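Q: Provided below are the primary sequence and the corresponding predicted coordinates.
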Amino acid sequence: MGLRVVDRAGAHLRIGRAFLRALTCTVFPLALYWCVVSRRSASGQDLVFGTSVVYDWRSRLSPGGPSNGDALGVAVDVQPTVADEPDDGHAEPLAGVDGE
């Protein structure tokens, strides 16, 4: 979704803190609506745990990030699969498709 939860310093959360934050999101879901009235769009959980939700558009799919030509850094293979044999009028399933 392009979102990341960070602490006050901008670092990734440790596993324990992330788990507790996620647990409070499920136990107290109404606290998520605090972001509607908050000046910095922080939920109740963000206030309690000192976290922020930030946009993170970097993709983990491509090692080069946006420098490989794609605006979002997502590597996409656009070459179609081409059969080695000429079309003789009937279709045969490709290897690896439908569990073959």
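A: On my side now, so go ahead. Residues are numbered from 1 along each chain as shown.
Q: going by C-alpha atoms from here, please, whenever you check contacts or count neighbours.
A: OK.
Q: by residue count, what's the longest helix in this structure?
A: Across the chain, the longest stretch assigned as helix under DSSP state H is helix 15-27.
Q: the nearest residue in space to residue 46 that is not next to it in sequence: which element?
A: Distance criterion Cα to Cα, 6 or more residues apart in numbering; nearest residue to residue 46, sequence neighbours excluded, is residue 52 at 5.9 Å. Element membership for residue 52, per DSSP states H and E: strand 51-55.
Q: what angle do helix 15-27 and that strand make with each other?
A: If you take axes from the mean of the first three to the mean of the last three Cα atoms, to 10 degrees, strand 51-55 sits at 90 degrees to helix 15-27.
Q: picking up where we left off before, correct me, but the residue nearest to residue 46 touches residue 12?
A: No - contact between residue 52 and residue 12 fails when scored by Cα atoms under 8 Å: they sit 10.4 Å apart.
Q: looking at those two, which is more packed in?
A: Neighbours per residue, other Cα atoms under 10 Å: of residue 52 and residue 12, the larger number sits with residue 52, 20 against 13.
Q: how close does that one get to residue 45?
A: Counting by Cα to Cα, to the nearest Å, the gap from residue 52 to residue 45 is 9 Å.
Q: now the helix or strand hosting residue 45: buried residues?
A: Using DSSP H and E, residue 45 sits in helix 44-49. For helix 44-49, burial by neighbour count (16 or more other Cα atoms under 10 Å) applies to 44, 45, 46.
Q: I'd like the mean pLDDT over stretch 5-24, please.
A: Taken as a whole, stretch 5-24 has a mean pLDDT of 92.
Q: in it, which residues are buried?
A: 5, 6, 7, 13, 18, 21, 24.
Q: endpoint to endpoint, that stretch covers what distance?
A: One end of stretch 5-24 sits 14 Å from the other (Cα to Cα).
Q: surely residue 57 meets residue 2?
A: Yes - Residue 57 lies in contact with residue 2 (Cα under 8 Å); the separation is 5.1 Å.
Q: higher neighbour count, the two?
A: It is residue 57, of residue 57 and residue 2, that has more neighbours when counted by other Cα under 10 Å, with 16 against 9.
Q: how close does that one get to residue 3?
A: Residue 57 sits 8 Å away from residue 3, going by Cα to Cα.
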